[in-house]
Every structure is written in C-alpha cells, then in structure tokens.
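> With the sequence up front, the predicted model follows.
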Amino acid sequence: MTPAVPSPCISICQMSPKTGLCTGCLRTIDEIANWSVLQDDEKLQILKLVEERTL
C-alpha cells in the first residue's frame, strides 16, 4: 500500500483577495475544503497546479 498524498499546507492559512489562493499553500478554498475526500490522482493534479502557480 502506498502512502497517502500529503497536503501542501504549511500552516500559513490566509486567502489572498487578489488571487483567491491561500498565501501558504497556493490552493483555492475549494481545493483546501475538498482535500480530505479527494482521490490520490486528484490530489496529485492539485499539487501540479500548485507547482505551476509558483512559477
């Protein structure tokens, strides 16, 4: 069994009114709220989006 995909949360939880993203993990509020019920492949997609948002 493979380990679960870890959350990118770094405990800096503040939503940016400009971007609509959390300033800590760069996820949307929906991505954050749904994280615990998403499948691993969906979580990996979000992590890819987060990586792209840092560029």
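Cool, the structure landed.

> Just the pLDDT for the most centrally placed residue in the chain.
By C-alpha atoms, centre = their mean, the mean C-alpha position of the chain lies nearest to residue 27, the distance being 4.0 Å. Residue 27 is assigned 98 on the pLDDT scale.

> same question, the one 3 residues further on
Residue 30 is assigned a pLDDT of 98 by the prediction.

> And residue 1, by the same measure?
pLDDT for residue 1: 61.

> same check, this time on residue 55
76.

> List the contacts of stretch 32-41.
2, 4, 5, 7, 9, 22, 25, 27, 43, 46 (C-beta atoms under 8 Å, 6 or more residues apart in numbering). Using the backbone N, CA and C atoms, a C-beta is placed for each residue, glycine as well.

> How about it, which residues are buried there?
Across stretch 32-41, burial judged by 16 or more other C-beta atoms under 10 Å covers 32, 35.

> correct me, but residue 27 touches residue 21?
Yes: proximity of residue 27 to residue 21 meets the contact threshold set by C-beta atoms under 8 Å, at 6.6 Å.

> residue boundaries of the helices in this protein?
Ranges of helices within the chain are 29-34, 40-53, based on DSSP state H.

> Need these in JSON lines (columns: distance to residue 17).
Converted to JSON lines, the helices of the chain look like this (distance: least, C-beta to C-beta, whole Å):
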{"stretch": "helix 29-34", "distance to residue 17": "12"}
{"stretch": "helix 40-53", "distance to residue 17": "16"}
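
> got any ranges where this protein has weak pLDDT?
Scanning the chain for pLDDT under 70 picks out 1-3.

> Apply 80 and report the result again.
Applying pLDDT under 80 to the chain flags the ranges 1-3, 55.

> how near is residue 31 to residue 5?
Note on residue 31: its distance to residue 5, by C-beta to C-beta, to the nearest Å, is 13 Å.

> likewise residue 35?
Relative to residue 5, and taking C-beta to C-beta, residue 35 is found at 9 Å.

> List the contacts of the residue nearest to the centre of the chain.
With C-beta under 8 Å, 6+ apart, residue 27 has these contacts: 8, 21, 35, 46, 50.
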